[in-house]
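Colleague: Task: produce atomic coordinates for the following.
(one chain, ligands or ions: 2)
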Amino acid sequence: MSNTSHASDEILHIGIDLGTSRSAVAASNGRRNWVHSYVGWPRDFVARRMLKRDVLIGIDAIENRNSVNLVRPLEYGVIRDGTSTDEKAVRELISHLIELAQPEEGQKIYAAVGVPAEALRVNKLAIRNAVGEWADTLMLVSEPFAVAYRLGALNNTCIIDIGAGTIDFCVMHGTMPGEEDQRSLRTAGDHIDQQLFSLLSERFPNSPLSETFVREIKEKYGSVSEASNQFGVRLPIAGKFEVHDITEEVHRACDSLVPAIAETLIDLLSGYEPMLQERVRNNIYLAGGGSQIHGLAKAISSALEEYGHFTISPIDDPLFSGAEGALSLAQDMPEEYWESM
Ligand SMILES: Nc1ncnc2c1ncn2[C@@H]1O[C@H](COP(=O)(O)OP(=O)(O)OP(=O)(O)O)[C@@H](O)[C@H]1O
Ligand SMILES: [Mg+2]
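Modeller: Ligands and ions are numbered 1, 2, ... in the order given. Reported below is the predicted structural model:
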């Protein structure tokens with residue numbers, strides 16, 4: 001798949017997965033990396049003096065949140081409000097991701113960028129502007145399509161990408177997916193965090209909980225009730241650390257995604273001819289960070305029991321599959337699909 005000709009050394013192919021919470025990059029020189037999708041600018045003169053830099057990206061920005069104006073530009077997968085700050089932040093994020101790929105001096109950059117389906121619909125121009133500054137040629141593709149390409153699952157399949165801001169569905173039937181092949185739900189990982197936060201705050205009113213702490217619990221123990229595992233965490237209750245079993249709260253928060261996923265899947269599939277529906281049902285893949293919730297695939301199939309049998313599997317390597325897919329697309333795509341910047 002990769003180019004080994006002399007010309008390929010003059011070109012660095014880069015695949016980028018631009019996400020609400022995390023963005024990843026994979027390049028034809030073998031490098032891959034990811035960052036939290038946060039950008040911060042020092043708040044004032046003192047902050048700039050202390051931080052000794054003009055812009056902070058990823059964990060660096062998060063850790064210095066008190067000294068920077070922190071922006072998470074891709075809320076719900078869309079450049080928020082289309083304000084110039086968000087656009088500027090996306091620009092910084094892209095520049096940083098390309099730097100992480102370490103292009104050589106003078107190398108041309110061919111970037112394929114996977115963006116949430118919704119962003120592609122609403123905000124194509126803003127994203128193109130943000131990326132265009134750093135790339136010689138550019139291709140924007142919808143995120144689930146990049147994942148499908150990575151899996152080689154281009155026919156009779158459905159990808160369900162469970163991210164932070166959105167869950168994106170995409171049915172593949174052997175061609176580039178169109179709008180009618182895609183759906184987007186605005187209840188995803190962030191929604192689970194909010195649910196878990198309020199369930200735990202209700203039960204432990206004397207424990208100071210933070211969004212980050214709750215998200216960490218979810219990422220460690222995330223599971224649906226079908227998974228029937230049990231776990232406890234150490235919580236500071238009125239200043240004293242105690243271990244509490246919070247299995248039920250975590251299960252309830254994670255279960256909350258299941259009905260909407262099942263419903264949207266049925267709604268999307270019902271538009272296809274029966275033969276295609278049958279085939280797709282047995283090739284459903286869960287992608288994105290949320291696909292790592294234990295028991296989720298099984299819970300979705302159970303919720304769909306009355307509609308018959310479904311085969312749903314979480315993919316391997318959910319953190320990089322979007323960026324790797326975009327990279328493969330960048331390497332395989334004929335000239336006419338590229339836009340010169
Ligand atoms: N092990 C895990 N178990 C459960 N959830 C997880 C796990 N790891 C990450 N997540 C959640 O997955 C979400 C991030 O996934 P991902 O990186 O695919 O999203 P994104 O691409 O940034 O968002 P979007 O696709 O909405 O733009 C977050 O809500 C995160 O908390
Ligand atoms: Mg994503």
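
Colleague: And this structure, what are its domain boundaries?
Modeller: What automatic domain parsing lists as the domains of the chain is 6-149+320-340, 189-255.

Colleague: which one of those has the most crowded surroundings?
Modeller: domain 6-149+320-340 (a mean of 20; mean count of other Cβ atoms under 10 Å). Every C-beta, even on glycine, is put in place using the N, C-alpha and C of the backbone.

Colleague: can you tell if that domain touches ligand 2?
Modeller: Yes: part of domain 6-149+320-340 sits close enough to ligand 2 to count as contact by Cβ under 5 Å from the ion, namely Gly19.

Colleague: Tell me how many other residues surround the closest residue to ligand 2 within the stretch 201-341 of the chain.
Modeller: Taking Cβ to the ion as the measure, the stretch 201-341 of the chain has Gly288 as its residue closest to ligand 2, at 5.3 Å. A total of 30 residues lie near Gly288 under the criterion other Cβ atoms under 10 Å.

Colleague: for Gly271, same thing?
Modeller: 11.

Colleague: Enumerate every residue touching it.
Modeller: Glu180 (Cβ atoms under 8 Å, 6 or more residues apart in numbering).

Colleague: what's it sitting at in phi/psi?
Modeller: phi -80, psi -10 (degrees, to the nearest 10).

Colleague: Check what pLDDT the nearest residue to Ile246 once chain neighbours are set aside gets.
Modeller: Once flanking residues are discounted, Ile246 sits nearest to Val233: 5.8 Å by Cβ to Cβ, 6 or more residues apart in numbering. In this prediction, Val233 carries a pLDDT score of 93.

Colleague: Below-threshold pLDDT in this structure: ranges please.
Modeller: 1-8, 76-78, 80-83, 118-119, 121-122, 340-341 (pLDDT under 70).

Colleague: Flag every residue of it that's near ligand 1.
Modeller: Applying Cβ under 6 Å from any ligand atom, we find that the chain lies next to ligand 1 at 19-22, 74, 77, 116, 161, 163-166, 188-190, 215, 218-219, 222, 288-290, 292-293.

Colleague: can you tell me which of the residues you listed are in strands?
Modeller: Among the residues of the chain next to ligand 1, DSSP state E puts 22, 161 in strands.

Colleague: Show the end-to-end separation of stretch 262-275, please.
Modeller: With Cα to Cα, to the nearest Å as the measure, stretch 262-275 spans 20 Å from end to end.

Colleague: same deal with stretch 311-328?
Modeller: End to end - Cα to Cα - stretch 311-328 spans 26 Å.

Colleague: Please compute how far it lies from its chain's middle.
Modeller: Centre-to-centre, stretch 311-328 and its host chain are 10 Å apart (Cα atoms, centre = their mean, to the nearest Å).

Colleague: now swap in stretch 128-135 and tell me
Modeller: 20 Å.

Colleague: Dump the C-alpha coordinates for that stretch into CSV.
Modeller: Provided in CSV are the C-alpha atoms of stretch 128-135 (Å, rounded to 0.1, in the frame of the first residue of the first chain):
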residue,chain,number,x,y,z
ARG,A,128,-10.5,23.3,5.1
ASN,A,129,-9.2,26.8,5.9
ALA,A,130,-7.7,25.6,9.1
VAL,A,131,-5.9,22.6,7.5
GLY,A,132,-5.0,24.3,4.3
GLU,A,133,-2.4,26.5,5.9
TRP,A,134,-0.2,23.5,6.6
ALA,A,135,-0.9,21.0,3.9
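
Colleague: sorry, back to before: moving C-terminal of whatever helix or strand the residue nearest to Ile246 lives in, what's the next helix or strand?
Modeller: Using DSSP states H and E, Val233 falls within strand 232-237. Sequence order places strand 240-245 as the next helix or strand after strand 232-237, per DSSP H and E.

Colleague: Cheers, nothing more for now.
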